[in-house]
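**Q** Predicted model, plus sequence, below.
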Amino acid sequence: MTIVCSTGLNLPYGSGVVLVREGWKLHQSNTAHKQGSYLYHPGIQSAGDDTQVSPCDLSFELSTHFRGPRMWFPLKLFGVGTFRAMLTEKLQLAKYFYHRVQEIPGVEVLQEPELSVVVFRYTGAPGGLEENNRLNRQLLQEMIRDGGVYLSSTTLKGTFYLRICVLGFRTHLEHLDTCLDILHKALRKVKTSLSEAKESS
């Protein structure tokens, strides 16, 4: 079974799809229990014929919000190849950023990305962990203040990291280069304020 997240396909939140190898098992999982009389479907005899299966037999949602069309319509309209190409590009962009950001002196990357998230931090503060955490928070604020890109953050075992997630269908190579430029500028500002603070103390 494969679960596809709606975010990775640039579809509205709350969308998703489960791909199953044997469709009759999905049908069985939702019809094996005793059903109410209101679920009787005239003319539908066998789960083996996919064209004769009622959609309500493929999900436990019944009359609750039907999320399927959010994913079905774009897949039918643009085709699977479009989404495959988009996801491939985002994975390649994450790898590109992963390699480029390591070229910046003092930048540490947590690990090579398996999907489209790269987690990194600057380790150039003279103090210990808390000083480096403070510096990286300042670095993130500078990048967001610039307004050209938006990065998020995460804290792992007490260590503060910057986090870039490459998913937007409008995000391309030039935007990753812009992000790297903004990171360089923000680093210069942070280093300047750090050296000024040292001189004043």
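**A** Sure thing, it's come through. Numbering: from 1, shown residues only.
**Q** For the rest of this, base every contact and every neighbour count on C-alpha atoms.
**A** Will do.
**Q** Over to Ser18. Which of the three states is it?
**A** Rather than Ser, residue 18 is Val. Secondary structure state of Val18, per DSSP: H, G, I helix; E, B strand; the rest coil, is strand.
**Q** So in terms of bridging, what pairs with Val107?
**A** As for beta bridges, Val107 partners with Tyr122 under DSSP bridges.
**Q** do you know how far it is from Leu156?
**A** 16 Å (C-alpha to C-alpha, to the nearest Å).
**Q** Between those two, point out the one with more neighbours.
**A** Val107 (14 against 8; other C-alpha atoms under 10 Å).
**Q** Let me know the secondary structure of Tyr161.
**A** Tyr161 is classified as strand under three-state DSSP.
**Q** how close does Phe97 sit to His184?
**A** When distance is defined by C-alpha to C-alpha, Phe97 is 13 Å away from His184.
**Q** out of those two, which sits in the busier spot?
**A** Neighbour totals were compared for Phe97 and His184, and Phe97 leads with 21 against 16 (other C-alpha under 10 Å).
**Q** What residues does that one make contact with?
**A** Contacts for Phe97 (C-alpha atoms under 8 Å, 6 or more residues apart in numbering) come out as 118, 176.
**Q** and it, that one's in a helix?
**A** Yes. Residue state for Phe97 (three-state DSSP) corresponds to a helix.
**Q** so how far is Trp72 from it?
**A** 32 Å.
**Q** low pLDDT regions in this protein?
**A** Low-confidence segments of the chain (pLDDT under 70): 1-7, 13-17, 30-67, 197-199, 201.
**Q** and the closest residue to Leu151 other than its chain neighbours, helix, strand or coil?
**A** Nearest residue to Leu151 in three dimensions, chain neighbours excluded: Ile164, at 5.4 Å (C-alpha to C-alpha, 6 or more residues apart in numbering). Of the three states, Ile164 takes strand according to three-state DSSP.
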